[in-house]
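*Asks:* Can you look at this prediction? I've put the sequence above it.
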Amino acid sequence: MMRTRPLKVALLGCGVVGSEVARIMTTHADDLTARIGAPVELAGVAVRRPSKAREGIDPALITTDAMALVKRGDIDVVVEVIGGIEPARALITTAFEHGASVVSANKALLAKDGAALHAAAQEHGRDLYYEAAVAGAIPLVRPLRESLAGDKVNRILGIVNGTTNFILDKMDTTGAGYSEALDEATALGYAEADPTADVEGFDAAAKAAILAGIAFHTRVRLDDVHREGLTEVTAADIASAKRMGCTVKLLAICERAADGKSVTARVHPAMIPLSHPLASVREAYNAVFVEADAAGQLMFYGPGAGGSPTASAVLGDLVAVCRNTLGGATGPGESAYTRLPVSPMGDVITRYHISLDVADKPGVLAQVATVFAEQGVSIDTVRQQGRQDGGGEASLVVVTHRAPDAALSGTVEALRKLDTVRGVASIMRVEGE
Ligand code: HSE
């Protein structure tokens with residue numbers, strides 16, 4: 001039965017994503033009505049600059065008073081695409097208090113305060129959906145929250161930031177250095193004028209926190225995620241990865257500990273073998289590799305940013321929330337029953353690729369090997385190359401077996417103290433094997 005009274009939607013933010021949401025709501029109105037079982041009406045659009053021309057949006061819907069809009073009382077769904085912590089947080093909680101469900105694309109807010117938002121949604125019997133907060137158009141939150149709800153996810157390995165993947169891909173394919181590749185990403189509009197959130201890994205860390213929380217049914221906040229950006233990655237690191245049959249990616253890695261008693265979440269550059277499916281993720285694409293007990297290995301791939309892809313995820317949530325509203329139901333809320341603690345980076349089991357400049361004389365290799373042994377770190381391969389410059393130095397590349405990150409970083413610190421080690425040229429973790 002088709003309901004004729006429309007479901008009312010308040011749109012908070014009408015930038016790149018919001019304007020696409022409004023456009024699709026208009027152009028696909030008949031299909032959305034048929035799929036939901038009732039018409040969906042854009043009831044108000046809160047913006048910062050009301051004078052800006054907005055094609056296809058009735059000017060009468062535009063307001064600068066977002067708070068008054070969410071307090072109206074007749075709004076069924078608030079779509080929040082303004083981002084940032086405040087006023088988004090206050091608007092979302094007020095929306096719940098006034099009877100609306102919320103669709104949000106706000107990764108920073110969800111990673112910081114997801115538990116409180118979920119609690120507010122539950123208290124008021126409303127939905128909180130946020131597919132667009134992680135990896136744009138790629139269905140990931142819903143598959144983890146719903147499709148895999150009967151399985152046990154053990155590991156997530158993802159490329160969840162398109163800007164940094166573009167930069168690393170350019171470095172890999174052209175041999176460019178980081179700055180040159182960043183300049184190209186900026187010129188092409190992939191990197192923002194201030195690229196900090198992307199290149200320092202904050203954006204990916206927020207997504208890692210959200211994914212880890214959902215996957216392991218526990219609470220993981222942004223501060224729990226170990227984060228390293230890619231600003232230190234050099235052309236030499238990429239060349240070294242190539243020699244090992246690897247490429248470098250900025251990975252978000254969420255893992256359940258082997259004993260099942262804790263989880264970890266981290267973002268850092270890592271070498272992965274070219275044979276790994278994530279190695280073939282090029283340009284600004286995102287991909288997330290999920291390992292679960294029963295499902296085995298799954299990979300989700302697609303555009304992780306941009307107005308239309310992100311709007312696609314928002315619209316999918318909007319349809320789901322509207323269907324729930326009509327059915328008098330709510331979708332899944334927060335599932336944090338395992339209460340698994342988040343372990344520090346030192347507990348993570350990984351491998352290091354370490355490139356050292358050493359004195360080229362008898363006994364140096366033995367000295368270096370002793371440091372690894374003292375830290376309980378087993379060496380997998382060693383490659384030494386004498387320099388032709390007559391300076392009595394050699395490059396030593398050591399790849400370790402798997403060991404706790406604390407032991408690996410302790411090894412590097414001890415190596416730095418050796419007189420015969422002139423410098424640590426690069427350190428990178430090796431993942432995906
Ligand atoms: N800036 C992000 C990226 C998109 O480059 O993937 C929004 O999270």
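*Replies:* Looks like it arrived, so ask away. Quick caveat: nothing in here was measured; it's all calculated off a predicted structure. Numbering: from 1, shown residues only.

*Asks:* now stretch 213-233, how far from the centre of its chain.
*Replies:* 8 Å (Cα atoms, centre = their mean, to the nearest Å).

*Asks:* just the CA coordinates of it, formatted as CSV?
*Replies:* C-alpha atoms of stretch 213-233 as CSV (Å, rounded to 0.1, in the frame of the first residue of the first chain):
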residue,chain,number,x,y,z
GLY,A,213,33.9,-0.9,16.2
ILE,A,214,31.3,-2.4,13.9
ALA,A,215,33.4,-5.5,12.9
PHE,A,216,34.4,-6.5,16.4
HIS,A,217,31.3,-5.4,18.2
THR,A,218,33.2,-3.2,20.6
ARG,A,219,33.9,0.5,21.0
VAL,A,220,36.9,1.9,19.1
ARG,A,221,37.5,5.7,19.1
LEU,A,222,39.7,7.8,17.0
ASP,A,223,42.2,8.1,19.8
ASP,A,224,42.5,4.3,20.0
VAL,A,225,43.8,4.1,16.5
HIS,A,226,47.6,4.2,15.9
ARG,A,227,48.2,6.6,13.1
GLU,A,228,51.2,7.4,10.8
GLY,A,229,50.8,9.4,7.6
LEU,A,230,52.7,9.0,4.4
THR,A,231,54.7,12.3,4.4
GLU,A,232,57.9,10.3,5.2
VAL,A,233,57.5,7.8,2.4
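
*Asks:* residues of it that come out buried?
*Replies:* Across stretch 213-233, burial judged by 16 or more other Cβ atoms under 10 Å covers 213-222, 224-231, 233. All C-beta atoms are positioned from the backbone trio N, CA, C, and that covers glycine.

*Asks:* For the protein, what lies in contact range of the ligand?
*Replies:* 161-163, 198, 203, 304-305 (Cβ under 6 Å from any ligand atom).

*Asks:* Out of the residues you listed, which is nearest to residue 142?
*Replies:* residue 304 (15.5 Å; Cβ to Cβ).

*Asks:* can you tell me which residues contact the residue lying closest to that closest one once chain neighbours are set aside?
*Replies:* What sits nearest to residue 304 in space, not counting adjacent residues and going by Cβ to Cβ, 6 or more residues apart in numbering, is residue 286, at 2.9 Å. Residue 286 sits next to 135-136, 138, 158-162, 165, 301-305 when contact means Cβ atoms under 8 Å, 6 or more residues apart in numbering.

*Asks:* Can you say which two of the residues of the chain next to the ligand are spatially most distant?
*Replies:* Using Cβ to Cβ, the residues of the chain next to the ligand reach their maximum pairwise distance at 198 and 304, which is 11.2 Å.

*Asks:* Which neighbours do these two have in common?
*Replies:* By Cβ under 8 Å, 6+ apart, the residues touching both residue 198 and residue 304 are residue 161.

*Asks:* For the residue of the stretch 301-433 of the chain found nearest the ligand, give its distance to residue 268.
*Replies:* Closest residue of the stretch 301-433 of the chain to the ligand, Cβ to the nearest ligand atom: residue 305 (3.4 Å). Using Cβ to Cβ, to the nearest Å, we find residue 305 at a distance of 20 Å from residue 268.

*Asks:* Please apply the same query to residue 424.
*Replies:* From residue 424 over to residue 268 (counting by Cβ to Cβ), the distance is 16 Å.

*Asks:* Of these two, which one has the most company?
*Replies:* Neighbour count, other Cβ atoms under 10 Å: between residue 424 and residue 268, residue 268 has more, with 23 against 14.

*Asks:* Find the nearest non-adjacent residue to that one, please.
*Replies:* Leaving aside its chain neighbours, residue 268 sits nearest to residue 228 (3.9 Å; criterion: Cβ to Cβ, 6+ apart).

*Asks:* And the contacts of the helix or strand where residue 412 lies?
*Replies:* If you go by DSSP states H and E, residue 412 is part of helix 405-416. Helix 405-416 is contacted by residues 345-352, 354, 356, 368, 371-372, 374-377, 400, 421, 424, 427, 429 when judged by Cβ under 8 Å, 6+ apart.

*Asks:* Please list only the buried members of these.
*Replies:* If we count by 16+ other Cβ under 10 Å, those have these buried: 345, 348, 350-352, 354, 356, 368, 371-372, 375, 377, 400, 421, 427, 429.

*Asks:* Which ones among those map onto strands?
*Replies:* 350-352, 354, 356, 400, 421, 427, 429 (DSSP state E).

*Asks:* domains in the chain, as residue ranges please.
*Replies:* 7-136+308-327, 149-302, 345-430 (automatic domain parsing).

*Asks:* which residues in the protein form helices?
*Replies:* For the chain, the helices defined by DSSP state H occupy 16-27, 29-36, 66-70, 88-97, 107-123, 141-142, 162-174, 178-187, 196-199, 202-216, 235-243, 307-326, 364-374, 405-416.

*Asks:* okay, those in CSV with distance to residue 272 and mean pLDDT next?
*Replies:* Shown next, in CSV, are the helices of the chain (distance: least, Cβ to Cβ, whole Å; pLDDT from 0 to 100):
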stretch, distance to residue 272, mean pLDDT
helix 16-27, 30, 97
helix 29-36, 39, 97
helix 66-70, 42, 98
helix 88-97, 34, 98
helix 107-123, 24, 98
helix 141-142, 24, 98
helix 162-174, 11, 98
helix 178-187, 18, 97
helix 196-199, 19, 97
helix 202-216, 15, 98
helix 235-243, 9, 94
helix 307-326, 24, 97
helix 364-374, 23, 97
helix 405-416, 17, 98
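
*Asks:* Give me whichever of those is most buried.
*Replies:* When those are scored by mean count of other Cβ atoms under 10 Å, the highest mean neighbour count falls to helix 202-216 (a mean of 28).

*Asks:* Give the other helices and strands that that one contacts.
*Replies:* helix 107-123, strand 153-159, helix 196-199, strand 226-227, strand 246-256, strand 263-273 (3 or more Cβ pairs under 8 Å, 6 or more residues apart in numbering; DSSP states H and E).

*Asks:* Show me what the mean pLDDT comes to for the shortest one.
*Replies:* When pLDDT is averaged over strand 226-227, the result is 98.
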